[in-house]
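[1] only geometry, no sequence info:
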Ligand SMILES: Cc1ncc(C[n+]2csc(CCOP(=O)(O)OP(=O)(O)O)c2C)c(N)n1
Ligand SMILES: Cc1ncc(C[n+]2csc(CCOP(=O)(O)OP(=O)(O)O)c2C)c(N)n1
Ligand SMILES: [Mg+2]
Ligand SMILES: [Mg+2]
């Protein structure tokens, strides 16, 4: 099991899937000659040529819409957005076409397409380049929404995404690309709708996804030193949402904290909380607590940006409140 | 207090505000010569001329973006979208510009703009013309989201919207335009962030907004005949979200059902449920129940469309489960 | 199915077949409107009446294995493509036997087997799809072309611009065999072309994407065919996009639910009716001795019979089963799907 | 502030002031990059180095009360507009004394008092804003114009198409006094114009919106001024949009964080540097006897002094107060806001 960066886990999976299936092609801004803003596709133009690694103009609605048409005709486009923020330009294409064509065609056409790229904030990119959009896309039936937090899941979920028969919103994160971890070789696949238990504990269930998994694990380690043992659940996909795994844990711990990177109002955490109460109301010994980003646009100044985001200390504090 | 349709309450408020403030102008597709798809702006072109009642091409991102620029320069555009579905084409303008300009300009510029039009399903308009988007826009700080369910609120909230200093997502509904009701005269204003108690009862709190208010009230009347008295709360605005009024009610009734027109995953109901538990966990005698639309794109066939939507019977059934 | 022409040029036999097709499509839509008025058809219903020559001329110029994308005003294309009229009518009726199992309705007809990739309801939203589909057709060196119908109003959408620039670029590499057919019916809902487009000469806008373009009379199937046939052959040969603006007119309201039409004079509609594609073609065929009163009546009767058969089928068909609400959201049931 | 020219035509005095301005802007940005390398400036930092002649020529041609919209590559515009360089540097440093209180950063400079309505980070996203702003300027019969800077890459966005069609239409009614300045610096990030635009002659694309357009040398402030001055006067007089494509070049990487530039040859950068706007202007002024070595040095020294003053100010300024996180989300505290 090699030790790879998240970036290399993505790239090697792209290569394996492109080698396996000639219908898989890549498309996006500056993914070819430039190598990709975060270098995920570096070298792939040379390997596969311009017909399969397509550099596009700055036309998100255009090329994502083209990807839909390609997918309907049997190709399997994997499209990079420089950040998910820019996907809002293509929101109509993603929500009105990609998610719904199978349904309104009565099953005659499908859109096996992946859109991938960094979601959420980087460092000091300010309001227009920092938004996390999992709840926005998670709202729409017909889409899958995946958010790998580790190199292994980057590989396993990307493979599932590329082989899926329906559109996948694939949310990476700038802070994760350099993260190293063990990545299973071979045809490693992580199915959609299966949360991972990232740490086992009996006292409280922490539920999260994406980059906040790592600060949640740090918080859990910190709390373990104080004798509080956390079950840490990484949702991995937001649609489908694996409430079964969450609820199974809460039934054991009787307490839960839900952590998300941004949001607050109408974010992921609220939905997970509602889901816990719907299925485990009688098992809870304390109210579920949420830790979200602040309800403001992302500021530029580093000091403010840090205040706007969740962190280990906030999670520790929330857990303490829950188990108090 | 005249008896007006929801449509006329909107139109007369537009007229009053345009008469009061020359900076208010209207813009949208077919709002002038054609009179508006739902006739809300009928006759206004003749009254105010083409400089203040602007018919646009089919360019949602263009004219909504133009509205932002106008608003930054001190005008107060009220923009009609034929349906909110088409606003997805302008999602980037609304989310990245309108909602955030005040913040990233450090308060130097603001966007006093209203976007209004029907949200959610009509009758058999199928998947691309039926989506409800309150949770989607509710996610973003910097926006207001209002959803009047009655002619009086249509007037009171629209007036607040037009006078607000920030962008307002104003969600109407096709089934409401013909609804009649008493509408206060004069400078009637409904502030944002104040839910209405649409019916008083002591046994269970029903929380909803928009068109589902009416089926919720019907369900409450039905239940009253069986001796179950419902407190019915109409949220009126989804951002700000008035959890205080909801929680005050739940503290009295100890039970709640949350009703929304569509959604399910990452919708409004989940957030309201989370908010109730955050503030009234110890007051609850039973799990909060949600009634949402089915988690599918909206089908065309009337039989399926009805199955996809909440209705009085489903609400009655949910309340019965709660009070059982 | 509309008569395909193998060689450039249209003879009387072909024209007669086209006449028959246009008559049938019109009868079908007149019935659809009656069914709408009777509450049997719901939602939005956009009639093509007046524009039939465009669909006939274009579909007459392409091959069976070529593919098509279109907007919500889409009845004519599937009917002319040879789809069973019963399945089309049943879709309008929202029945389980409908083309899309009753899930799409009038605006979202699909017949993928016959290369019809849909009817889309967001103006301009299908244009990028068509460009991508054209790319896919060429991806493995095929020689099929993709035909994309669009309205005058769709040309003002950002999707148009982004998609056509991509089409132009991919065309330079021979990877975009796309035939764009603008149906300039003078209005997008209630807004005329000069009120919505800074340059009302719509075809010229394709110059901005290096896409060759022509204009033609959209009330004459033969005129449409002659121009489009050249374009289709070019696109097929070169893998480059090509565009035509057909000048045409819709007689009916934008949608069947619209009652008033304050944006145009009745006289304007009357003037265009003088150039009705069916009447014009009928005249030409009578002149050529290929039609007389009896034959005209027989064709109309045959069309009406087929339409009534379709209605009978639709009426008799069952509503979709309730479980159908949940199918076709995803392609394969996946482990753990909610 | 950049020297304004009252009458058409540029004399030596003016050119000397412009030279001074360009030198200052370049020193400022070179410092910004050093501060970025030292970790004092974060996020994305897009340098304008190489393109200075465009901003100087354009801002020299407009009035103090005209307004401006731009993209994220926006340092030069505010500096030339007369904004305190300390406030600009402090914004890059994310300090409370920054132009936007540290909330916007390099990509979102604003100085509304001086008519600078912002830097925007989504390519093409500011174009509709500028069109609407131009409409607003004419709404009460004013004679101000709105200047909108955009990159070559922005011309491929749907927002461009939708906005410019509206500009064309509103211009027909005399309601859109908009001056569009395309800075064709040959690339959008790593993608050259011919690889991203089906028609690389960018100015001609404005024909599709009935917007008069010209092309000019963007490495010569006087050339820019001469053309743009006419356009500004026209737009002001007629209320119609007007566009220019300035041919220019960025020397630095797309953003300061980008290390490699595999998309262009070093020799290409060198060639463009031969035509550096500052060097060219210096030559011209030396030729006219308005500059000598001593004066050149003095101007550079003065620029550097002002830049260091700005740095000192930025360094000494406090971080934003934590409460600032929650202000400026909404304009007025509203009853019941969460
Ligand atoms: C993006 C979008 N905006 C608005 C509408 C509402 N609408 C439906 S059809 C139509 C007019 C379209 O005109 P055109 O493209 O000329 O096609 P036609 O109806 O004339 O065939 C409009 C505005 C829509 N469906 N999509
Ligand atoms: C909609 C969108 N897509 C992608 C990006 C990422 N991006 C930032 S700048 C840029 C290139 C823009 O090129 P151009 O318009 O020529 O301006 P220049 O940077 O050359 O000044 C890109 C692709 C973005 N900011 N917005
Ligand atoms: Mg039309
Ligand atoms: Mg550029």
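    Done, it's in. Because the structure is predicted, anything quoted here is derived from the model rather than measured. Ligands and ions are numbered 1, 2, ... in the order given.
[2] can we go C-alpha only for contacts and neighbour counts from here?
    OK.
[3] So which residue is dead centre in chain A?
    Nearest residue to the geometric centre of chain A (Cα atoms, centre = their mean): residue A:147, 1.5 Å.
[4] does residue 181 count as helix, strand or coil?
    Just going to use chain A. strand (DSSP: H, G, I helix; E, B strand; the rest coil).
[5] I was thinking of chain C, sorry if that wasn't clear
    Strictly by three-state DSSP, residue C:181 counts as strand.
[6] With adjacent residues omitted, what lies nearest to the residue most central in space within chain C?
    Taking Cα atoms, centre = their mean, the centroid of chain C lies closest to residue C:77, which sits 4.2 Å from it. Spatial nearest neighbour of residue C:77, excluding adjacent residues (Cα to Cα, 6 or more residues apart in numbering or on different chains): residue C:55 at 6.3 Å.
[7] Is there any residue in the helix or strand where the one you found lies that contacts ligand 1?
    Under the criterion of DSSP states H and E, residue C:55 resides in helix C:52-59. No: using Cα under 6 Å from any ligand atom, helix C:52-59 stays clear of ligand 1, coming no nearer than 12.0 Å.
[8] Stretch C:181-190 now?
    Yes: counting by Cα under 6 Å from any ligand atom, ligand 1 has neighbours in stretch C:181-190: C:185, C:187-189.
[9] Please indicate which of those residues are buried?
    The neighbour-count criterion (16 or more other Cα atoms under 10 Å in any protein chain shown) marks C:185, C:187-189 among the residues of stretch C:181-190 next to ligand 1 as buried.
[10] could the residues you listed be laid out in TSV, adding pLDDT?
    As requested, those are arranged in TSV below (pLDDT from 0 to 100):
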residue	pLDDT
C:185	98
C:187	98
C:188	97
C:189	97
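[11] about what we covered before: please list all residues in contact with the closest residue to the residue nearest to the centre of chain A other than its chain neighbours.
    Nearest residue to residue A:147, sequence neighbours excluded (Cα to Cα, 6+ apart): residue A:171, at 4.7 Å. Neighbour list for residue A:171: A:84, A:116-119, A:134, A:145-148 [criterion: Cα atoms under 8 Å, 6 or more residues apart in numbering or on different chains].
[12] all strands for chain C, in order.
    C:67-71, C:116-120, C:146-151, C:178-184, C:187-188, C:191-192, C:213-217, C:242-247 (DSSP state E).
[13] Partner strands of the third one, with direction?
    Just to be clear, that refers to strand C:146-151. Strand C:146-151 pairs in its sheet with strand C:67-71 (parallel), strand C:178-184 (parallel), by DSSP bridges.
[14] can you give me the angle it makes with strand C:116-120?
    20 degrees (axes from the mean of the first three to the mean of the last three Cα atoms, to 10 degrees).
[15] cool, and the last one?
    Angle between the axes of strand C:242-247 and strand C:116-120 is 50 degrees (criterion: the same axes, to 10 degrees).
[16] Partner strands of strand C:242-247 and their direction?
    Going by DSSP bridges, the partners of strand C:242-247 are strand C:178-184 (parallel), strand C:213-217 (parallel).
[17] So which of those is nearest residue C:267?
    Closest to residue C:267 of the strands paired with strand C:242-247, according to Cα to Cα: strand C:178-184, at 18.8 Å.
[18] what comes into contact with the closest one?
    Outside strand C:178-184, the residues within contact range by Cα under 8 Å, 6+ apart are C:51, C:54, C:130-131, C:134, C:145-152, C:167, C:218, C:231-232, C:235, C:239-249.
[19] Now chain A against ligand 1: closest residue?
    Nearest residue of chain A to ligand 1 (Cα to the nearest ligand atom) works out as residue A:92 at 8.9 Å.
[20] Am I right that that residue falls within a helix?
    Yes: with three-state DSSP as the criterion, residue A:92 is part of a helix.
[21] ok, now which ones touch it?
    If you count contacts by Cα under 8 Å, 6+ apart, then residue A:92 has A:61, B:86, B:88-89, C:125 around it.
[22] and these as a markdown table, adding secondary structure, distance to ligand 4 and pLDDT?
    Listed next are these as a markdown table, based on DSSP: H, G, I helix; E, B strand; the rest coil; distance: Cα to the ion, whole Å; pLDDT from 0 to 100:
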| residue | secondary structure | distance to ligand 4 | pLDDT |
| --- | --- | --- | --- |
| A:61 | helix | 20 | 98 |
| B:86 | helix | 30 | 98 |
| B:88 | helix | 27 | 98 |
| B:89 | helix | 25 | 98 |
| C:125 | coil | 27 | 98 |
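[23] hmm, which of these are the buried ones?
    Buried among the contacts of residue A:92 (16+ other Cα under 10 Å): A:61, B:86, B:88-89, C:125.
[24] what's the most distant pair in the residues you listed?
    A:61 and B:86 (13.7 Å).
[25] partners of the residue nearest to residue A:147 in the sheet?
    Beta-bridge partners of residue A:171, counted by DSSP bridges, are residue A:117.
[26] just to revisit the earlier point, now do the contacts for the residue nearest to residue C:77.
    By Cα under 8 Å, 6+ apart, the residues touching residue C:55 are C:76-77, C:80.
[27] Of the residues you listed, which is the nearest to chain D?
    Minimum separation from chain D among these (Cα to the nearest Cα) is found for residue C:77, which lies at 28.1 Å.
[28] what mean pLDDT does the top helix by length along chain C have?
    Across chain C, the helix with the greatest residue count (assigned by DSSP state H) is helix C:12-37. Throughout helix C:12-37, pLDDT has a mean value of 97.
[29] How about the backbone phi and psi for the residue of chain A found nearest ligand 4?
    Using Cα to the ion, the single residue of chain A nearest to ligand 4 is residue A:58, 10.9 Å away. In terms of degrees, to the nearest 10, the main-chain angles of residue A:58 are phi -80, psi 80.
[30] Next, the buried residues of stretch A:314-324.
    A:314-316, A:318-319, A:322.
[31] will you turn these into TSV that also has pLDDT and secondary structure?
    Output for the buried residues of stretch A:314-324, formatted as TSV (pLDDT from 0 to 100; DSSP: H, G, I helix; E, B strand; the rest coil):
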residue	pLDDT	secondary structure
A:314	98	helix
A:315	98	helix
A:316	98	helix
A:318	98	helix
A:319	98	helix
A:322	96	helix
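[32] restrict these to those near chain B?
    Filtering the buried residues of stretch A:314-324 for proximity to chain B by Cα under 8 Å from any Cα of the partner chain leaves nothing.
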